[in-house]
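> Build me a model:
(one chain, ligands or ions: 1)
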Amino acid sequence: MLNISVQKKDPIVIQELTQETKHLTNNGLWKYLQCEEIFASERPIHSIDTWIHARRVYRQIVGNEQSSIGTEEDDIVDIDGFQVAHEAKQAPPKGRGIFAAQDIKKGELIWSTKKTIRFSDGDSYRKFNLSVERGFACDVLQWSYVQRLENGELRVSTDLDDGALCNGGGSSHKANMGCDKEIAKNYNGGCVENYFALTNIKEGDELLCAYGSFAVSGGWKEFTL
Ligand SMILES: C[S@@+](CC[C@H](N)C(=O)[O-])C[C@H]1O[C@@H](n2cnc3c(N)ncnc32)[C@H](O)[C@@H]1O
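Prediction:
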């Protein structure tokens, strides 16, 4: 079992929404938290303690019943959603990125959404961003996306592990991690919850995603965000 230092728990203070914060959109939160200033310097690679703290804040806001990442005990069983060895590091000019730390065969499961927090309402998402450390909240604002679940419902989603650092593929370096519909049939949650190697990947290659394949553009307005 992994020895996570969950014993030295940082206190959690949930910020209730105020007149000033209760209608903030994603852009509004960005301005309110002065995220331009945060992103003027290099952002850190987050430690497991930071991820675990953020997961605790989430559970405190939505409750264990509504939690998409289970309970605190689940953080000890599965530390993150990676099924392969990976490394998170700076990937200028894109910010941080994730890299394969082993060769990965086409079709292999790379990562699943075990640590992806899902919000069914805008207020919980606002509270979350106002209750975590300011720099981390700015990270969350640029990582988060709206996704349609298998049951058709939309959720504001944030990956609370290094999966959040997946940069987007472009024309020269195409996405190499994403949905393989055939293989996904064998996995709970299908392509909504599981991301596979779309090609053979070599150790050291950056893992790249196709945001358009899972993020619902225009989904934010459903949450008044
Ligand atoms: C989901 S985050 C990826 C992780 C991000 N690099 C970080 O350090 O937090 C998405 C953000 O990463 C950056 N990004 C992702 N793909 C990129 C690319 N192909 N070129 C430049 N920037 C990219 C953009 O700032 C984008 O808003």
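
> hey, let's count contacts and neighbours off CA atoms from now on
Fine.

> Just the buried residues of the lengthiest helix in the chain, please?
If you go by DSSP state H, the chain has its longest helix at helix 48-62. For helix 48-62, the neighbour count (16 or more other CA atoms under 10 Å) marks 48, 50-59, 61-62 as buried.

> the helices in the chain, which residues?
26-32, 35-38, 48-62, 72-77, 122-131, 134-143, 181-184, 190-193.

> Using JSON lines, lay out those helices together with mean pLDDT and distance to N200.
Shown next, in JSON lines, are the helices of the chain (pLDDT from 0 to 100; distance: least, CA to CA, whole Å):
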{"stretch": "helix 26-32", "mean pLDDT": "97", "distance to N200": "36"}
{"stretch": "helix 35-38", "mean pLDDT": "98", "distance to N200": "36"}
{"stretch": "helix 48-62", "mean pLDDT": "97", "distance to N200": "28"}
{"stretch": "helix 72-77", "mean pLDDT": "92", "distance to N200": "29"}
{"stretch": "helix 122-131", "mean pLDDT": "98", "distance to N200": "37"}
{"stretch": "helix 134-143", "mean pLDDT": "98", "distance to N200": "26"}
{"stretch": "helix 181-184", "mean pLDDT": "97", "distance to N200": "15"}
{"stretch": "helix 190-193", "mean pLDDT": "97", "distance to N200": "19"}
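
> since we're on W30, how many residues are nearby?
By other CA atoms under 10 Å, 18 other residues sit near W30.

> Contacts only, for it.
W30 makes contacts with E36, C138, L141, as judged by CA atoms under 8 Å, 6 or more residues apart in numbering.

> Repeat that for A197.
Counting by CA under 8 Å, 6+ apart, the residues that A197 touches are I104, K105, K106, G107, E108, L109, I110, N176, M177, G178.

> again, 6 Å this time
By CA atoms under 6 Å, 6 or more residues apart in numbering, the contact set of A197 is K106, G107, E108, N176, M177.

> One more: R59?
Neighbour list for R59: S67 [criterion: CA under 6 Å, 6+ apart].

> And the pLDDT for the residue nearest in space to the middle of the chain?
Nearest to the geometric centre of the chain sits D159, at 1.4 Å (CA atoms, centre = their mean). On pLDDT, D159 comes in at 98.

> Residues of the protein that sit close to the ligand?
Residues of the chain found near the ligand (CA under 6 Å from any ligand atom) are 94-97, 139, 142-143, 164-170.
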